[in-house]
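A.B. asks: Show me how the following folds:
(chains A and B, ligands or ions: 2)
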Amino acid sequence: MAGWLEQLLGKKDKSAEQAKERLKLVLIHDRTDLTPHQLEMMKNELLEVISRHVAIDPSAVKIDMAQDGREQRLIADIPLKPVNARRR
Amino acid sequence: MAAKVLTVTSGKGGVGKTTTTANIAVALAALSYKVVCIDADIGLRNLDVVLGLENRIVYDLVDVVENRCRLRQAMIRDKRLPELYLIPAAQTRDKNAVSPSDMVRLCDELRNEVDWILIDSPAGIERGFRNALAPADMVLVVTNPEVSAVRDADRIIGLIEAEEKGPARLILNRVNMNLVKRGDMLNADDVLELLAVELIGIVPEDEAVVVSTNRGQPVALDGKSKAGLAFQNIARRLNGEQVPFLSLDEKDGFFARLSKVFRSGGA
Ligand SMILES: Nc1ncnc2c1ncn2[C@@H]1O[C@H](COP(=O)(O)OP(=O)(O)OP(=O)(O)O)[C@@H](O)[C@H]1O
Ligand SMILES: [Mg+2]
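C.D. replies: Ligands and ions are numbered 1, 2, ... in the order given. Below you'll find the model as predicted:
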């Protein structure tokens, strides 16, 4: 993310802001019982399965954990390559 | 009468469960309710000293459970208020001396005699916490605006939901407005966004709590201190009243932000 920009604007200097950002990540892992490493592995496996069936551009893929009330949601945004591009 | 059983818990230790239990009990009793508080922290009892009733203990919770006395005999009456009672924890026993079903049975026996049963839970997620949770109709989770306390609160809220005792209500205790203004302490909005639960009270960090605990006179006995007023407000919210959250600093418009929390956080 644009962490450096926030750093520049001084927002990240506030320790409360840091506490909140760190807590957000910690709570995701506590609630899902997934370590950051496991989450990364899961993403890679997902991409592997999907690209077996359709052409995708791995660099355009977004897979993130989002908080919805007290529930966690895995949100994937996976743009597919156009058919023309796939033929070539 | 059909009592409501209110359990006060936290996950992390030392965040203010006992202080909160004592003060809400006092404030509810001052609203003319008949209140019994039970110290479920067996082996580490403290509710007796915070309420200033430590010299009047004869029987305790374990004596009741093991039938060495009748329930009535273990209820110490607080003479400062019309109908406030304490059932103290045993100090020399371990938490396994009481089971969750013992707690359910004991509360059921009290239900027809009083309006509110408040249970002071020990820290942690083990037997003592299970004992305190088992009879609960409503659970109050106390936390501080601080990383480890919020994290543990999240864990305990998850366990409360898993036991179908939710939704938990949150009490944010020991808020230091100077630190919040400086950006060095999580504010109520931050904590509510992270935990996604309903807020029932914001209690400021207040020297009056230390002084009143020294004396065994809970701050909520009079509403002169900010913390005392905050605890009285929690009791009024439990009583079904719509009470705005305390403005901890009215001078520079902080009230506006707090009242926003009030609107989004419900009663
Ligand atoms: N709002 C407050 N302002 C100042 N001090 C406070 C406040 N709330 C609690 N304290 C102090 O914090 C300490 C811990 O409080 P308390 O014993 O109520 O916590 P607890 O959660 O019951 O602890 P334990 O987990 O050990 O049972 C006490 O010394 C108490 O006086
Ligand atoms: Mg305690």
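A.B. asks: The residue in the stretch 1-150 of chain B positioned nearest to ligand 2 and B:V62: what is the separation?
C.D. replies: Relative to ligand 2, the nearest point of the stretch 1-150 of chain B is B:T18 (3.3 Å; Cβ to the ion). The C-beta positions use only the backbone N, C-alpha and C, and glycine is treated the same way. As for B:T18, its distance to B:V62 is 18 Å (criterion: Cβ to Cβ, to the nearest Å).
A.B. asks: Pick out whichever of these two has more residues nearby.
C.D. replies: B:T18 (26 against 20; other Cβ atoms under 10 Å in any protein chain shown).
A.B. asks: Excluding sequence neighbours, find me the nearest residue to the more buried one.
C.D. replies: B:N46 (4.8 Å; Cβ to Cβ, 6 or more residues apart in numbering or on different chains).
A.B. asks: Could I get the full set of helices for the chain?
C.D. replies: Just going to use chain A. Along chain A, counting by DSSP state H, helices occupy A:3-9, A:15-32, A:36-53, A:83-87.
A.B. asks: The chain in question should be chain B.
C.D. replies: Under the criterion DSSP H, helices of chain B are mapped to B:17-30, B:47-51, B:61-65, B:100-111, B:127-133, B:147-162, B:177-182, B:188-195, B:207-215, B:226-238, B:254-265.
A.B. asks: Export those to TSV and append columns for distance to B:D120 and mean pLDDT.
C.D. replies: Formatted as TSV, those follow (distance: least, Cβ to Cβ, whole Å; pLDDT from 0 to 100):
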stretch	distance to B:D120	mean pLDDT
helix B:17-30	4	98
helix B:47-51	5	98
helix B:61-65	11	96
helix B:100-111	12	97
helix B:127-133	7	97
helix B:147-162	15	97
helix B:177-182	27	94
helix B:188-195	21	95
helix B:207-215	14	97
helix B:226-238	14	97
helix B:254-265	24	49
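A.B. asks: among these, which is the most enclosed?
C.D. replies: Mean neighbours per residue, mean count of other Cβ atoms under 10 Å in any protein chain shown, is largest over these for helix B:17-30, with a mean of 28.
A.B. asks: what packs against it?
C.D. replies: In terms of contacts (3 or more Cβ pairs under 8 Å, 6 or more residues apart in numbering or on different chains; DSSP states H and E), helix B:17-30 is packed against strand B:4-9, strand B:35-39, helix B:47-51, strand B:84-87, strand B:116-120, strand B:138-143, strand B:169-175, helix B:226-238.
A.B. asks: returning to that earlier point: which of the helices of chain A sits closest to B:D94?
C.D. replies: With Cβ to Cβ as the measure, helix A:15-32 is the member of these nearest B:D94 (28.5 Å).
A.B. asks: Next, format the helices of chain B as TSV and append distance to B:L6.
C.D. replies: Formatted as TSV, the helices of chain B follow (distance: least, Cβ to Cβ, whole Å):
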stretch	distance to B:L6
helix B:17-30	8
helix B:47-51	14
helix B:61-65	17
helix B:100-111	11
helix B:127-133	10
helix B:147-162	13
helix B:177-182	27
helix B:188-195	19
helix B:207-215	20
helix B:226-238	7
helix B:254-265	19
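A.B. asks: Right, I'll leave it there.
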